[in-house]
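Asks: Pasted the sequence and its predicted model underneath.
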Amino acid sequence: MGHDHTHGANKKALMISFIIITGYMFVEAIGGFLTNSLALLSDAGHMLSDSISLGIGLLAFTLGEKTADYNKTFGYKRFEILAAVFNGVTLLLIALYIFYEAYHRFQNPPQVASAGMLTIAVIGLFVNIIVAWILMRGDTEENLNLRAAFLHVLGDLLGSISAITAALLIIFLNWSWADPLASVIVAVLVLISGWRVTKDAVHVLMEGTPKNIEIDDIVKTLEDIPEVQNIHDLHVWSITSGQHALSCHAVVREDLSIRDSQQILRSVEKRLKEKGIGHITVQMESEENPHDDTLLCEHHHKPSSQPHKH
C-alpha cells in the first residue's frame, strides 16, 4: 500500500508539473519572438525538453501500472528506468548544445531586448520554483524517473536565474558577454545532473545492487537465522525505483521438516523486508544434496568442506 500511495503521489506531481511547464513554454516562446530575444527562445527550447521529459515520465508511470502477463512477467515497471535513461541522456545533449551556443555568442554577442528578457525570465523563475516544489513533494530520492524530471526543472530554474543576472548586467553595465557566460555555468550543472541520472539508471538496467543495500549485511542477516548454515548464489537487484528483489540458495540442516522450512522462509521474509527488499525467492538445500554449479553461482558457492558459519 505504501508503494502504491507513493506511486500515485509521484504521478500526480508529474501531471501538474507537465501542465504548468508546457503552458509557460508557449508563453516564453511567444515572448521571445515579441522581444526578439534569442536567450528567451533558447530557454523556451530548454523548457520544451522539460515538457518532453515530464510527458515521458508520466507515460512511464502509466505504463508501469499495467499488470504483468506471460510475456512481461515483471510487468512494465522497468519502463520508468528506461524513461530515466532517456531523460539523463537528454540532459547531457542539452548541456552540449548550450556549450555550442555559448561558444558562438562569445564570438558574436547578439542584441538582446534586455528589459523584456528580464520580465519573462523573472516570471519563468517563479514558475520553475513552483514546479520544483511540487516535484520535491514526491519521492525524488528513490524514484529515478521523478528525480530525472526534477533535475530537468532544476536546470531550467538555474537557467532563469542566469537569464535574470545576465539581463541585469546587460541593462546596467552593457556586458553582452554575460549571457553566454551564464549559459556555460548552467551547462556545467546540467551536465553533472545528466551524468548522475544516466549512471544510476544504467546501474539498475545492469541489475546492479541497490545503493542502499549492503550485501555483507544481507548475508549476515540471513546466516544469523539458526537453521541457516550458509548462503550462496545471492543476487539483489531493483525491478524499478524503490522495488528491490532478492534470490539466493540457503543451505539448511538435512533433518528439517516442511513446517520448519516454512518458518525459516517467514523469518527470511520478515528480516529482509526490514532491509527494504520486498520480492524474495529462496531455494533451500542441504550440504548432502547441493544443487549443480551454474554460471551465476560459481563465484559464490561454498564447498561443503568449508565451515558452516563464518
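Replies: Arrived safely.

Asks: Kindly provide the distance from the residue lying closest to Val228 once chain neighbours are set aside to Thr198.
Replies: Spatial nearest neighbour of Val228, chain neighbours left out: Ala250 (5.2 Å); criterion: CB to CB, 6 or more residues apart in numbering. Yep, even glycine has a C-beta here, placed from its N, CA and C like the rest. Taking CB to CB, to the nearest Å as the measure, Ala250 falls 36 Å from Thr198.

Asks: picking up where we left off before, a helix runs through the residue nearest to Val228, doesn't it?
Replies: No - the assignment for Ala250 by DSSP: H, G, I helix; E, B strand; the rest coil gives strand, which leaves it out of any helix.

Asks: Now for Phe106: which residues touch it?
Replies: Trp177, Pro180 (CB atoms under 8 Å, 6 or more residues apart in numbering).

Asks: What of the one 10 residues further on?
Replies: Remark: with contacts taken as CB under 8 Å, 6+ apart, Gly116 is in contact with Gly31, Leu34, Thr35, Ser37, Leu40.

Asks: Test for you: state the pLDDT assigned to the fourth one.
Replies: It stands for Ser37. Ser37 is assigned 67 on the pLDDT scale.

Asks: circling back: and the contacts of Gly116, which is closest to His104?
Replies: Ser37 (16.0 Å; CB to CB).

Asks: what about the helices in the protein?
Replies: 2-35, 38-64, 79-107, 114-136, 144-173, 178-205, 215-223, 258-273 (DSSP state H).

Asks: among these, where is the model least confident on average?
Replies: Taking the mean pLDDT of these, helix 38-64 comes last: a mean of 73.

Asks: That one packs against which elements?
Replies: helix 2-35, helix 79-107, helix 114-136, helix 144-173 (3 or more CB pairs under 8 Å, 6 or more residues apart in numbering; DSSP states H and E).

Asks: now it, how far from the chain's geometric center?
Replies: Distance of helix 38-64 from the chain centroid (CA atoms, centre = their mean, to the nearest Å) equals 16 Å.

Asks: What residues sit buried inside it?
Replies: Neighbour counts using 16 or more other CB atoms under 10 Å place 38-58, 60-61, 63-64 of helix 38-64 among the buried residues.

Asks: swap in stretch 226-246?
Replies: 228-234, 236-246.

Asks: So this protein: which segments form each domain?
Replies: 7-205, 215-285 (the TED database).

Asks: most tightly surrounded among the ones you listed?
Replies: domain 7-205 (a mean of 20; mean count of other CB atoms under 10 Å).

Asks: which residues touch the residue nearest to Val228?
Replies: Per CB under 8 Å, 6+ apart, neighbours of Ala250: Leu222, Val228, Asn230, Ile231, Ile264, Val268, Val282, Gln283, Met284, Glu285.

Asks: Please narrow those residues to those residing in strands.
Replies: Using DSSP state E, the subset of the contacts of Ala250 located in strands is Val228, Asn230, Ile231, Val282, Gln283, Met284, Glu285.

Asks: how about the residues you listed in JSON lines, adding distance to Glu254?
Replies: What follows is the ones in strands among the contacts of Ala250, written out as JSON lines (distance: CB to CB, whole Å):
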{"residue": "Val228", "distance to Glu254": "13"}
{"residue": "Asn230", "distance to Glu254": "14"}
{"residue": "Ile231", "distance to Glu254": "17"}
{"residue": "Val282", "distance to Glu254": "17"}
{"residue": "Gln283", "distance to Glu254": "15"}
{"residue": "Met284", "distance to Glu254": "11"}
{"residue": "Glu285", "distance to Glu254": "10"}
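
Asks: Redo those as CSV? Include pLDDT.
Replies: Compiled in CSV, those are given as follows (pLDDT from 0 to 100):
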residue, pLDDT
Val228, 86
Asn230, 85
Ile231, 87
Val282, 90
Gln283, 88
Met284, 87
Glu285, 85
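
Asks: and of the residues you listed, the nearest to Val85?
Replies: Nearest to Val85 among the ones in strands among the contacts of Ala250, with distances taken as CB to CB, is Val282, at 31.1 Å.

Asks: Look up how far Lys220 lies from that closest one.
Replies: 16 Å.

Asks: do Ala201 as well
Replies: Ala201 sits 30 Å away from Lys220, going by CB to CB.

Asks: same deal with Val251?
Replies: 15 Å.

Asks: residues in contact with Ser17?
Replies: Applying CB under 8 Å, 6+ apart, the residues near Ser17 are Leu54, Val131, Ile134, Leu135, Ala149, Val153.

Asks: how about the first one, what does it touch?
Replies: By CB under 8 Å, 6+ apart, Leu54 lies in contact with Leu14, Ser17, Phe18, Ile21, Thr22, Ala149, His152.

Asks: Just send those back as JSON lines, with distance to Ile213 too.
Replies: Written out in JSON lines, the entries for the contacts of Leu54 read as follows (distance: CB to CB, whole Å):
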{"residue": "Leu14", "distance to Ile213": "26"}
{"residue": "Ser17", "distance to Ile213": "30"}
{"residue": "Phe18", "distance to Ile213": "32"}
{"residue": "Ile21", "distance to Ile213": "34"}
{"residue": "Thr22", "distance to Ile213": "37"}
{"residue": "Ala149", "distance to Ile213": "25"}
{"residue": "His152", "distance to Ile213": "28"}
